[in-house]
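Colleague: Below is the structure, and that's it, no one-letter string:
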């Protein structure tokens, strides 16, 4: 079932960030929210994730959907190891944990704590966590920040390989290369509004 | 090795510090020339040496320590449970907060006098210790809950993590530093409060009763001796607890800051 | 010229002899006296009204102790055990002049069962004054009647005088050992209570001796250097005590006015029960020695570790 967004509006402090946004996200596809920072990409992602209330409009198709998110800030639990951070959301499934840590190139660091990892490595743990969760909706906010090209490509390939008929992927970025490589469809954001 | 010389240096410095104050004490004794105001260090230590051999000295210490621990234990259990609940439930917070403010600002003596009427002399000190410690633990835990990183809570919400797991894996680890700081504070305070209450209610086996008796017979040497015993034991307990706490944190290599 | 010489010599001789055989005198205004609130301070109230001497009222013994030790006070009214302790702690630099208060302890009962010490068997007696005279007096009386504290009679010393008076008046217990003025204040607040036992009488029955509970002491230095001023004071003090016992109403008003007791009604009722007296050392020494030896047996520290020797008692 597709995720349909109807007449969505949201403003912060008097500033209208999203105005009457309408869109249908089809299953099995990868969408990119493309545009410079501060245009509402994060706002939209947070609304869809269910952690940000909106002013008007409605959304269909989100019930019964497992949502996985890669946030702009890593949001890892500092007192758990990389592996435990993933287990925190997946329950204990060691094989999935191993698999996705390997997919992001961190299998040797599974027992490291976030304060022992670099920015890019923490990002990768967050990605592994989201992938291991196996959600039907995957939301990613600037996921590849701080990750070098070679690893980036490896991870993007993993996401593409995981693509299946029931999953929707929406990711936000200002990097044209990422948008073109991964997305089936690109939504352009700019200061004024959303437009296709 | 560098680490052992620095450790040695610290020990030597603290010993020198103590020796300095002992010498100052001796000097003040010479200047004042009045046994009742300032007793001679030698006499105090010698009396302490005698007391250590007496059974009733140790039973007093044992009972006082028991009272302190009982009061702190109650405060920790109730303070933590209520602190967490108050952090998660605004109504409960509004119910308990005024009580805590009142208790925090009431002088200990008011409580001691009232408690003497309600409880027997042996239990008043436990109650007083609890009253001193509870507001601190409750406040600290509540703050800890309130300061939980909301971003982490949002993340857990999105990933549909169970409420129980959120409590144990996000809230509890976050409040740990607040709890530890509160706990270290109440160790020292609870000790003082308990002994003070004992001086007023003078139960049969109590360090406070030793102080009371010294006071009643104007025996300043005994007063100082008991006080030294109190300081010694308090320090011992604090150091032991800090050591144990640090060991349990060991795997993460974190050092405890003594908030005391 | 010879006459002038003679006058000069006589004048010089007079100047040498007049100050009174080498003794000095202190004006009342220069004499510092300390008393505590409560029965031991009541006798001096007429001297306070005259305002000739420097009399200071304090709430607790601790305040007096410091001033006695450092010599700020020349004379003080204190309980006898404290006097003995001070005698040891000041290395015998104080002397006891007279007894100013006999027993002020009573057992109050909400009921009619206690008529003698032996009736206390099986009861719990709430008392105040742990470590000082009341505790040892009751322990001694119990022992003298074959009762053991803790086994035959439970003694509960958890509260101090004023708090015990409050809880007793509030009806929290039905049996209490209290000193004046708290006895009177309980009786006035709670009509259910009566005086079951007069401890002073009980003490007399067992020992044949009076129970001293308040004494006047003085710094040895003051006695040695200003004996005549001391004697003047003692005379006036004795008169004041007589007046207190004869003019109860007037004295009660003064007692409240000078903050010895909080309330003139309580003071008026309490005066007769406070046994305010003036007993000099000649008559009083045996009573004190009896008390001290009994206290010493229970706990030598209660009187400073030693029974005071004869030099403790002032001889004019």
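Modeller: Cool, the structure landed. No experiment lies behind these values; they were computed from the predicted model shown.

Colleague: Just read off the phi/psi values of residue C:259.
Modeller: phi 70, psi 30 (degrees, to the nearest 10).

Colleague: Contact distance from chain A - what residues of the stretch 101-250 of chain B qualify?
Modeller: Contact residues, the stretch 101-250 of chain B versus chain A (CB under 8 Å from any CB of the partner chain): B:151-152, B:154-161, B:165, B:169-170, B:173. Every C-beta, even on glycine, is put in place using the N, C-alpha and C of the backbone.

Colleague: which one of these sits closest to chain C?
Modeller: Ranked by distance to chain C (CB to the nearest CB), those are led by residue B:173 at 44.3 Å.

Colleague: how about the residues of the stretch 101-250 of chain B next to chain A in a markdown table, adding pLDDT?
Modeller: Below are those laid out as a markdown table (pLDDT from 0 to 100):
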| residue | pLDDT |
| --- | --- |
| B:151 | 94 |
| B:152 | 95 |
| B:154 | 95 |
| B:155 | 95 |
| B:156 | 95 |
| B:157 | 94 |
| B:158 | 94 |
| B:159 | 93 |
| B:160 | 92 |
| B:161 | 93 |
| B:165 | 92 |
| B:169 | 92 |
| B:170 | 93 |
| B:173 | 92 |
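
Colleague: Get me the contact residues on chain A for chain C.
Modeller: By CB under 8 Å from any CB, no part of chain A sits against chain C.

Colleague: In chain A, where is pLDDT below threshold?
Modeller: A:93, A:191-196 (pLDDT under 70).

Colleague: Ok, chain B next?
Modeller: Chain B contains residues with pLDDT under 70 at B:1-4, B:120-121, B:249-260.

Colleague: care to break it down by domain?
Modeller: By the record's domain assignment, chain B is partitioned as B:1-33, B:40-252 (automatic domain parsing).

Colleague: got the residues of the stretch 201-316 of chain C near chain B?
Modeller: Counting by CB under 8 Å from any CB, the positions of the stretch 201-316 of chain C adjacent to chain B are C:301, C:302, C:304.

Colleague: hmm, try it at 6 Å
Modeller: Residues of the stretch 201-316 of chain C lying close to chain B (CB under 6 Å from any CB of the partner chain) are residue C:301.

Colleague: Also chain A?
Modeller: So chain A meets chain B at A:49, A:51, A:67, A:69, A:75, A:79, A:89 (CB under 6 Å from any CB).

Colleague: Now tabulate the domains of chain B in TSV and tack on mean neighbour count.
Modeller: Listed next are the domains of chain B as TSV, based on neighbours: other CB atoms under 10 Å in any protein chain shown:
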stretch	mean neighbour count
domain B:1-33	10
domain B:40-252	18
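
Colleague: Now residue 138: closest residue in space that isn't a chain neighbour?
Modeller: Just going to use chain A. Using CB to CB, 6 or more residues apart in numbering or on different chains and skipping residues adjacent in sequence, the residue nearest residue A:138 is residue A:169, 4.6 Å away.

Colleague: other chain: chain C
Modeller: In space, residue C:138 is closest to residue C:177, 5.8 Å off (CB to CB, 6+ apart).

Colleague: quick one: contacts for the one you found?
Modeller: C:107, C:125, C:127, C:138 (CB atoms under 6 Å, 6 or more residues apart in numbering or on different chains).

Colleague: And the strands in the chain, which stretches?
Modeller: If you meant another chain, say so; for now it's chain A. A:3-12, A:15-25, A:30-34, A:56-60, A:67-70, A:137-141, A:168-173, A:185-189, A:194-195 (DSSP state E).

Colleague: wait, I meant chain C there
Modeller: For chain C, the strands defined by DSSP E cover C:32-36, C:54-58, C:75-78, C:94-101, C:105-109, C:124-127, C:154-156, C:175-179, C:194-198, C:214-219, C:276-280.

Colleague: Can the longest one be said to contact chain B?
Modeller: No - with CB under 6 Å from any CB as the criterion, chain B is not reached by strand C:94-101; the gap is at least 12.7 Å.

Colleague: Equivalent analysis for the third one, please.
Modeller: No - no part of strand C:75-78 sits close enough to chain B to count as contact by CB under 6 Å from any CB; the gap is at least 11.4 Å.

Colleague: Quick one: mean pLDDT for that strand?
Modeller: The average pLDDT for strand C:75-78 rounds to 94.

Colleague: for the last one, same thing?
Modeller: When the per-residue pLDDT values of strand C:276-280 are averaged, the result is 93.

Colleague: residues in contact with that strand?
Modeller: Outside of strand C:276-280, the residues within contact range by CB under 6 Å, 6+ apart are C:42, C:43, C:98, C:99, C:101, C:102, C:238, C:241, C:244.

Colleague: what separates the nearest residue to the last one once chain neighbours are set aside from chain B, distance-wise?
Modeller: By that I understand residue C:244. Spatial nearest neighbour of residue C:244, chain neighbours left out: residue C:251 (4.3 Å); criterion: CB to CB, 6+ apart. Using CB to the nearest CB, to the nearest Å, residue C:251 is found at 31 Å from chain B.

Colleague: what residues are up against the residue positioned nearest the centre of chain B?
Modeller: With distances taken as CA atoms, centre = their mean, chain B has residue B:187 as the residue nearest its mean C-alpha position (1.6 Å). Residues near residue B:187 by CB under 6 Å, 6+ apart: residue B:238.

Colleague: which SSE is it in?
Modeller: Per DSSP states H and E, residue B:187 falls inside helix B:172-201.

Colleague: quick one on the thing from earlier: and residue C:66, which of the strands of chain A is closest to it?
Modeller: Proximity to residue C:66 (CB to CB) singles out strand A:3-12 among those, at 69.2 Å.

Colleague: Which part of the stretch 1-150 of chain C gets nearest to chain A, residue-wise?
Modeller: Closest to chain A within the stretch 1-150 of chain C is residue C:130: 52.6 Å, counting by CB to the nearest CB.

Colleague: Contacts only, for that residue.
Modeller: Neighbouring residues of residue C:130 by CB under 6 Å, 6+ apart: B:202, C:157.

Colleague: Can you pull the phi and psi angles for it?
Modeller: When read as degrees, to the nearest 10, the backbone of residue C:130 gives phi -70, psi 140.

Colleague: Quick one, grab the pLDDT at the closest residue to residue C:54 other than its chain neighbours.
Modeller: Of all residues not flanking residue C:54 in the chain, residue C:32 sits nearest, at 4.7 Å (CB to CB, 6+ apart). With respect to pLDDT, residue C:32 has a value of 93.

Colleague: Residue C:32 contacts residue C:74, doesn't it?
Modeller: Yes - counting by CB atoms under 6 Å, residue C:74 is a contact partner of residue C:32 at 5.2 Å.

Colleague: would you turn the strands of chain C into CSV with distance to residue B:86?
Modeller: Shown next, in CSV, are the strands of chain C (distance: least, CB to CB, whole Å):
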stretch, distance to residue B:86
strand C:32-36, 48
strand C:54-58, 47
strand C:75-78, 53
strand C:94-101, 56
strand C:105-109, 47
strand C:124-127, 40
strand C:154-156, 38
strand C:175-179, 43
strand C:194-198, 52
strand C:214-219, 55
strand C:276-280, 59
